[in-house]
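**Student:** Sequence first, predicted model second:
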Amino acid sequence: MKKRFLSFAMAVCMICLLTITSCPAAEIPADNGGTNLDSAVLTSAAQPVAAFTDVPSDAWYAGAVQYCQRKGLMAGTSDTSFAPDTPLTRAMLVTILWRQAEKPAVNYLMQFSDVPEGQWCSEAVRWAAGKKLVNGYGDGRFGPNDPITQKQLNLIFQRYTNQSVTGGIPGFDGSSKPATRAQAAAAVMNYARLSRRDTGKVLVAYFSATGNTRPAAEKAAEVTGGDLFEIVPAQPYTAADLNYSTDCRANAEQDNPDARPAIASTVENMEQYDAVLIGYPIWWGRAPKIVHTFLETYDLSGKTVATFCTSGSSPHEDATLRGYQPDAVWLEGRRFSGTSQVEDWVNGLGLPKAAEEENKMYLQIGNTVWTAALEDNPSVTAWRELLAKGPLTVDMSDYGGFEKLYQ
Ligand SMILES: Cc1cc2nc3c(=O)[nH]c(=O)nc-3n(C[C@H](O)[C@H](O)[C@H](O)COP(=O)(O)O)c2cc1C
């Protein structure tokens, strides 16, 4: 076979050519920091998710308030009130965005005379000014404690996201009226939803014999915007089958290394998914055998995979499952006893971003699979043509300590 030398320089070019896209999705730290509107002091005291007496559970903004509070983006004005109809200040809005961006450290000079260094909002204002989200009033002032108008809020989000996040928010017409804290919470949640759209496509597959795992799976699908697939046994489990204090079917299957209970239906076009989350109950410390069936049915190479479970008390376990899909990118799984932790877990996984399919390339080096986005240039066109014929295997070895040789 014709031998070719790939010089170190070319290897560098190749690396430059490929942009690895599997960067972790940003997770917003749930730092529980909060503000007190009166003093505008950022507290660092841990603050549990409060039940605000002024946020009725059926209020249009209840979900948004809960979201912002849970993410540590906004807190109440006291332990029991959120003040949904109170105007939001300009400093508070940029602080929320800064927190949502995971509090990036910035070293720009403070441009505004009315935002002294070391204030609760200084870093956030500096960050927002540096990103050209805010310009201030043009006279050197930022007006941190002024209410932010709906128009200003729209403008800031427009600069930040290039998309509208305020459509459909009650009472929001983009005028010079102050934006309320409830409206701001809704805009922030809309933004989070929009940014999730560029997450790769997710499948949430779950098995639930008695219904405990189902709500967690549904929540995971809701949070990821993914598709839900129930792993339904071809032969349903009866109560007697699950009575683990007897010689029941479930016990027999767990004891039998070869047991692979059949699944009633199949996932359509597994190819379309970038990530697969798999939920199940723990049976005798392990995933039920039907989950083994599921994992043996599909090729998840290159996909991101994570499992979650419910159980009486046993911890999460997926060591055996990982063996079925060694070429998947496995992430840390989790046990849930309800649904309240699901969103944080999902957001913390760093699920892959969607790459435009035609620009995506899987690059397996050893046992690790990377996703690479292809640039648009003549070398890539040639590379594409080569790849169109099928997967390409490149065996490389060191040559002379500075070159890689492949055959
Ligand atoms: C056959 C069988 C074995 C089980 N083994 C365990 C176990 O080892 N540890 C545990 O904590 N719970 C165990 N459980 C309890 C289930 O894990 C728990 O009820 C789970 O939430 C059920 O989820 P599901 O309703 O989605 O099926 C077992 C249940 C069954 C039916």
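**Tutor:** The structure has been received and is ready for your questions. Small disclaimer: the values here were computed from a predicted structure and weren't measured. Numbering: from 1, shown residues only.
**Student:** Could you report the neighbour count for the nearest residue to residue 200 once chain neighbours are set aside?
**Tutor:** Nearest residue to residue 200, sequence neighbours excluded (CB to CB, 6 or more residues apart in numbering): residue 274, at 2.8 Å. To be clear about C-beta, it is placed using only N, CA and C from the backbone, and glycine gets the same treatment. Number of residues near residue 274 (other CB atoms under 10 Å) recorded here: 23.
**Student:** again with residue 293
**Tutor:** 19.
**Student:** Next: residue 249.
**Tutor:** 18.
**Student:** give me the low-pLDDT residue ranges for the protein?
**Tutor:** 1-50, 193-199, 353-360, 362-371, 376, 388-391, 403-407 (pLDDT under 70).
**Student:** so what are the domain limits for it?
**Tutor:** In the assignment given by automatic domain parsing, the structural domains of the chain cover 4-21+355-406, 34-196, 206-349.
**Student:** Could you save the ones you listed as CSV and add columns showing distance to the ligand?
**Tutor:** Below are these laid out as CSV (distance: least, CB to the nearest ligand atom, whole Å):
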stretch, distance to the ligand
domain 4-21+355-406, 30
domain 34-196, 24
domain 206-349, 3
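**Student:** dump the residue contacts of residue 149.
**Tutor:** 175-179 (CB atoms under 8 Å, 6 or more residues apart in numbering).
**Student:** cool, residue 239 as well?
**Tutor:** Here residue 239 is in contact with no residue (CB under 8 Å, 6+ apart).
**Student:** Please report how far it lies from residue 210.
**Tutor:** As defined by CB to CB, to the nearest Å, residue 239 lies at a distance of 9 Å from residue 210.
**Student:** Please apply the same query to residue 117.
**Tutor:** In terms of CB to CB, residue 117 sits 57 Å off from residue 210.
**Student:** Using PDB, write out every CA atom in the lengthiest helix in the chain.
**Tutor:** What stands out as the longest helix in the chain, according to DSSP state H, is helix 181-196. Extracted C-alpha coordinates of helix 181-196, given in PDB (Å, rounded to 0.1, in the frame of the first residue of the first chain):
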ATOM      1  CA  ARG A 181     -39.700  41.700  37.800                       C
ATOM      2  CA  ALA A 182     -42.200  39.100  36.600                       C
ATOM      3  CA  GLN A 183     -41.800  40.300  33.000                       C
ATOM      4  CA  ALA A 184     -38.100  40.200  33.300                       C
ATOM      5  CA  ALA A 185     -38.200  36.600  34.800                       C
ATOM      6  CA  ALA A 186     -40.300  35.600  31.800                       C
ATOM      7  CA  ALA A 187     -37.900  37.100  29.300                       C
ATOM      8  CA  VAL A 188     -35.000  35.400  31.000                       C
ATOM      9  CA  MET A 189     -36.700  32.000  30.900                       C
ATOM     10  CA  ASN A 190     -37.700  32.500  27.300                       C
ATOM     11  CA  TYR A 191     -34.100  33.300  26.500                       C
ATOM     12  CA  ALA A 192     -33.000  30.100  28.200                       C
ATOM     13  CA  ARG A 193     -35.500  28.100  26.200                       C
ATOM     14  CA  LEU A 194     -34.300  29.700  22.900                       C
ATOM     15  CA  SER A 195     -30.700  29.000  23.700                       C
ATOM     16  CA  ARG A 196     -31.500  25.400  24.300                       C
END
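**Student:** which residues are in contact with whichever helix or strand comes after that helix?
**Tutor:** Remark: after helix 181-196, the chain's next helix or strand is strand 202-206, criterion DSSP states H and E. With CB under 8 Å, 6+ apart as the contact definition, strand 202-206 has outside contacts at 213-214, 216-217, 220-221, 224-231, 267, 270, 273-280, 294, 351.
**Student:** Just checking: what are the partner strands of strand 202-206?
**Tutor:** strand 227-230 (parallel), strand 275-281 (parallel) (DSSP bridges).
**Student:** any chance of those in TSV, plus distance to residue 51?
**Tutor:** Formatted as TSV, those follow (distance: least, CB to CB, whole Å):
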stretch	distance to residue 51
strand 227-230	30
strand 275-281	29
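**Student:** tell me the most buried of these?
**Tutor:** Mean neighbours per residue, mean count of other CB atoms under 10 Å, is largest over the strands paired with strand 202-206 for strand 275-281, with a mean of 27.
**Student:** could you show me where the helices are in the stretch 301-407 of the chain, in order?
**Tutor:** 319-322, 342-349, 378-388 (DSSP state H, counting those that start in this stretch).
**Student:** Keeping just the C-alphas, turn the last one into PDB.
**Tutor:** It refers to helix 378-388. The C-alpha coordinates for helix 378-388 follow below in PDB (Å, rounded to 0.1, in the frame of the first residue of the first chain):
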ATOM      1  CA  PRO A 378     -11.000  23.400  -0.800                       C
ATOM      2  CA  SER A 379      -9.200  21.000   1.400                       C
ATOM      3  CA  VAL A 380     -12.400  20.200   3.200                       C
ATOM      4  CA  THR A 381     -14.200  19.700  -0.100                       C
ATOM      5  CA  ALA A 382     -11.600  17.100  -1.000                       C
ATOM      6  CA  TRP A 383     -11.900  15.600   2.400                       C
ATOM      7  CA  ARG A 384     -15.700  15.400   2.000                       C
ATOM      8  CA  GLU A 385     -15.300  13.500  -1.200                       C
ATOM      9  CA  LEU A 386     -13.100  11.000   0.500                       C
ATOM     10  CA  LEU A 387     -15.500  10.600   3.400                       C
ATOM     11  CA  ALA A 388     -18.500  10.200   1.000                       C
END
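**Student:** Would you mind pulling up the elements that it packs against?
**Tutor:** helix 8-17, strand 368-374 (3 or more CB pairs under 8 Å, 6 or more residues apart in numbering; DSSP states H and E).
**Student:** And it, what's buried?
**Tutor:** Residues of helix 378-388 classed as buried by neighbour count (16 or more other CB atoms under 10 Å): 380, 383.
**Student:** what's the answer for stretch 156-174, then?
**Tutor:** So stretch 156-174, judged by 16+ other CB under 10 Å, has buried residues 156-157, 160, 165-166, 169, 172, 174.
**Student:** okay if I get the residues you listed as CSV plus secondary structure?
**Tutor:** CSV is the format used below for the buried residues of stretch 156-174 (DSSP: H, G, I helix; E, B strand; the rest coil):
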residue, secondary structure
156, helix
157, helix
160, helix
165, coil
166, coil
169, coil
172, coil
174, coil
